[in-house]
Structure formats: C-alpha cells, structure tokens
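Peer 1: make a model of this:
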Amino acid sequence: MSEALIHLTPLDLAVATLLVVAAAGLSIVLGLGIERRLGIAALRTVVQLGLLGLVLERVFAVRKPVFVLAMLGAMIFFAGREAVARSTRRYPGIWMDAWFTMAASCLVVGGVVTQVVVGVEPWYDPQYVIPLLGMILGNSLNGISLALERLLEHLHSRAHEVELFLAFGATRSEALSEPLRTALRTGLIPVVNAMTAAGLVSLPGMMTGQILAGAPPLQAVAYQVVVMFMLAAANAMGSILITFGAARRLVAPDGSLRPGRLQEVGGRGRRRRGV
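Peer 2: You can find the predicted model right below:
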C-alpha cells in the first residue's frame with residue numbers, strides 16, 4: 001500500500017467548487033431559494049478552514065502548551081456560542097450553561113481518550129489533542145443543541161403539564177422526568193444513527209482520512225471505533241449537563257415553574273417575548 005498522501009492543487013479545489021456551483025444551480029432551477037445560503041456557507045467554509053490551517057501550522061510548529069490551550073479555549077467559546085445561536089428560545093444563564101457544558105464534555109472525554117487510550121506524549125501534542133477535541137466539540141454540538149431545543153420547546157408548549165405535576169406536589173425532578181428523558185433521547189439521535197450506519201452505509205471521517213493517508217485498514221478501524229465511542233460519551237455527557245442546567249434555572253428548587261425566564265428569540269437573536 002502506498003504511504004504517500006496525494007496532494008491537492010488549486011485546480012483540484014476549483015473542480016470541487018463546481019460541485020457546489022452545480023448544487024446552487026439546481027436550487028435556482030427548482031426555485032428552492034437556498035443558493036445564497038449555500039454560497040455563503042461555502043465561502044465561510046473556505047475562509048474559516050483556510051484561517052484554521054494557517055493557525056494550526058503555527059501551533060504545530062511552536063508546540064507550546066499555552067498555544068494549544070488558547071486554541072482549545074477559543075474552540076470551546078465558539079462551540080458554546082453556536083449551540084445557543086441554534087436555539088429558538090433562551091433564558092438567563094444559557095450562555096454560561098452552554099460554555100460549561102462544552103468545556104466539561106470536551107475536556108473530560110477528550111482527556112480520557114488522549115491521555116489514557118491514545119497515550120499522547122507530551123500531553124499537549126497539538127497533532128493529536130486539537131483534532132480529537134475538535135471532533136468532540138463539532139459532533140457533540142449537534143446533540144447538545146437538539147437536547148436543549150427539545151427541552152425548552154417542551155417547557156414552552158406544555159408548561160401546563162409541568163405546572164399540574166407541581167400543583168399535585170411533585171418535586172422538580174419528578175415533574176421534569178419525562179421532558180428530560182425526551183430531550184436526552186433527542187440529543188443522542190445523531191450519534192446513535194452514526195454508530196448504527198458506520199461500516200454499512202457510511203465510512204466515517206476518521207477512518208476515511210487514515211485510509212487516504214495510507215494507514216492499514218484495521219488500524220484505521222481501531223481509531224474510528226475509539227472516535228465513535230468518544231463521541232457517544234461526549235454527546236451523552238453534554239446533553240445531560242445542558243438539560244439539567246436549563247431545568248435548574250427554569251424550575252425553582254421548591255418546584256415552582258419560572259415561565260417568565262424563557263424568552264423566544266426572533267431574527268438576529270432579538271428577544272421577542274416572554275413565554
């Protein structure tokens with residue numbers, strides 16, 4: 001098996017760009033109206049990944065823990081920001097809950113994988129730490145935002161059910177047991193689907209990347225198994241933290257619901273009204 005990685009030229013990237021152009025063309029022909037969003041997303045992809053590549057080259061060259069930690073801090077900040085931005089409802093403290101959730105799930109699960117499973121030396125080696133923790137943040141972001149959105153939607157549309165439980169003397173945990181379970185199941189749907197389809201319907205990213213780089217298939221499979229289990233743990237931990245954090249802020253310890261704290265968000269993050 002060849003060990004050489006095929007390098008892509010600007011011409012190769014230009015040809016790949018035609019695929020996005022073709023998708024935008026289909027949107028125009030079919031009147032879908034998503035060509036502008038698709039173009040903006042493609043432009044952001046190129047710019048953001050290009051800047052990331054420049055930063056990573058510098059971080060990999062310097063190999064100092066302070067730069068690795070700064071990079072991880074920035075990634076956690078933007079991941080938490082994106083998780084809140086995807087939610088149509090917010091409450092006071094949602095930003096702190098999102099950042100804490102992202103940091104805890106990323107650092108705990110990532111720490112176990114990089115320091116115990118993979119055994120990275122030194123512990124801050126950016127070639128392993130940044131990509132692995134980046135995968136945790138990027139993939140758990142979807143599950144965390146789905147779980148949060150599902151819980152807030154339940155507390156908005158079915159607040160009377162929660163209040164009824166509370167009126168009959170239920171504790172906070174008893175009144176919220178069903179919405180919390182539903183939110184957690186929703187948050188785990190993406191990673192469970194990915195694990196179910198892996199190897200049958202799709203070749204996951206880590207495995208595909210290693211095979212393209214010339215790694216033996218079985219070794220690539222081993223790394224992919226570690227990654228899939230890592231993402232499942234991070235999604236579960238993150239979904240639990242964000243939903244329990246939201247429940248703690250929206251339902252008082254004495255069991256009373258705080259509906260005035262839940263705000264519906266309109267366009268560009270503007271709060272519209274209390275619910």
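Peer 1: tell me the buried residues in the longest helix along the chain?
Peer 2: Identified as the longest helix of the chain according to DSSP state H is helix 217-250. Neighbour-count burial for helix 217-250 flags 220-221, 223-225, 227-228, 230-247, 249-250 (criterion: 16 or more other C-beta atoms under 10 Å). (Each C-beta comes from the backbone N, C-alpha and C, glycine too.)
Peer 1: do the same with stretch 208-215
Peer 2: Buried positions in stretch 208-215, judged by neighbour count with 16+ other C-beta under 10 Å: 209-211, 215.
Peer 1: what do you get for stretch 23-32?
Peer 2: 24, 27.
Peer 1: so what touches that stretch?
Peer 2: Stretch 23-32 is contacted by residues 33-35, 38-39 when judged by C-beta atoms under 8 Å, 6 or more residues apart in numbering.
Peer 1: same deal with stretch 168-181?
Peer 2: Counting by C-beta under 8 Å, 6+ apart, 150-151, 154-155, 158, 162, 165-166, 243-244, 247, 251-253, 255 sit against stretch 168-181.
Peer 1: pLDDT averaged over whichever helix or strand comes after the longest helix of the chain - what is it?
Peer 2: Moving toward the C-terminus from helix 217-250, the next helix or strand (DSSP states H and E) is strand 263-265. Averaging pLDDT along strand 263-265 yields 75.
Peer 1: show me what strand 263-265 packs onto, helices and strands only.
Peer 2: Counting contacts by 3 or more C-beta pairs under 8 Å, 6 or more residues apart in numbering; DSSP states H and E, strand 263-265 packs against strand 89-90, strand 271-274.
Peer 1: buried residues, the helix or strand that contains L155. List them.
Peer 2: Following DSSP H and E, one finds L155 within helix 126-157. Residues of helix 126-157 classed as buried: 126, 128-130, 132-137, 139-155 (neighbour count, 16+ other C-beta under 10 Å).
Peer 1: now for the contacts of stretch 168-181, which pair is the farthest apart?
Peer 2: Checked with C-beta to C-beta, the contacts of stretch 168-181 reach their widest spread between R150 and P253, with 23.2 Å between them.
Peer 1: how about low-confidence regions in the chain?
Peer 2: 1-5, 201-202, 253-256, 259-260, 266-275 (pLDDT under 70).
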